[in-house]
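[1] here is my input, please return the structure:
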Amino acid sequence: MNATITLPKMDFEPGETISGTASWQTTQEVRTAEVRLFWQTRGKGSCDVGVVAVQTLDLPGQADQRPFSFVAPHAPPGFSGRLISLVWGIELVLQPEGSVSRDIVIAPGRKEISLEHPEWLEMEDPSPTKRRMAQ
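    Numbers count the residues shown, from 1 in each chain. Coordinates of the predicted model:
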């Protein structure tokens with residue numbers, strides 16, 4: 001399987017549109033094709049994964065190219081720490097061939113939050129209630 005996910009940029013603000021193109025060429029007939037927006041934890045302990053949105057690509061061919069679009073969620077933001085990180089990604093899943101994925105950043109300021117620098121606790125909450133994250 002030869003498959004790629006193409007994005008014009010790799011970092012996004014919460015609420016921003018994530019648009020790109022999924023393309024593939026396979027030797028087998030593709031039964032189903034999906035593009036997924038997901039987060040996963042990496043680091044010590046078990047890996048957690050959450051699929052936030054799925055876009056099904058109708059009538060996929062063996063060689064195909066399709067646009068996709070998602071809205072970046074407001075939470076959880078991407079972060080990295082000494083023991084654990086939360087990483088966002090886009091995944092193209094082709095059945096029965098397999099999948100490919102690309103890491104992206106979804107966080108305020110389009111920058112992954114570093115748990116080494118706690119100033120992120122002072123950032124304003126983007127929710128309508130406008131409460132402070134740390135009080």
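[2] which strand or helix spans the residue nearest to the spatial centre of the chain?
    The centre of the chain sits closest to residue 89, judged by CA atoms, centre = their mean, with a distance of 2.7 Å. Residue 89 is located in strand 84-95, with elements delineated by DSSP states H and E.
[3] buried residues, that strand. List them.
    Buried residues in strand 84-95, counted by 16 or more other CB atoms under 10 Å: 85, 86, 87, 88, 89, 90, 91, 92, 93, 94. From N, CA and C alone the C-beta is placed, and that goes for glycine too.
[4] so the third one makes contact with residue 38?
    It refers to residue 87. No. If you go by CB atoms under 8 Å, residue 87 and residue 38 don't touch, sitting 9.3 Å apart.
[5] leaving out sequence neighbours, find the closest residue to residue 45.
    residue 84 (7.2 Å; CB to CB, 6 or more residues apart in numbering).
[6] and residue 12, what are its bridge partners?
    Judged by DSSP bridges, the bridge partners of residue 12 are residue 106.
[7] cool, and the one 5 residues further on?
    Residue 17 forms beta bridges with residue 71, as assigned by DSSP bridges.
[8] if we can go back for a sec, beta-bridge partners for the residue nearest to the centre of the chain, please?
    Here residue 89, judged by DSSP bridges, has bridge partners residue 38, residue 103.
[9] how about the contacts made by it?
    Taking CB atoms under 8 Å, 6 or more residues apart in numbering, we find residue 89 in contact with 37, 38, 39, 40, 101, 102, 103, 104.
[10] if I look at it, how far off is residue 53?
    Distance, residue 89 to residue 53, by CB to CB, to the nearest Å: 12 Å.
[11] the chain: strands as residue ranges?
    In chain order, the chain shows strands spanning 2-6, 11-12, 17-25, 32-43, 49-56, 63-71, 79-80, 84-95, 98-106, 113-114, with DSSP state E as the criterion.
[12] can you redo those as CSV with mean pLDDT?
    Below are these laid out as CSV (pLDDT from 0 to 100):
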stretch, mean pLDDT
strand 2-6, 97
strand 11-12, 98
strand 17-25, 98
strand 32-43, 97
strand 49-56, 97
strand 63-71, 98
strand 79-80, 93
strand 84-95, 97
strand 98-106, 98
strand 113-114, 89
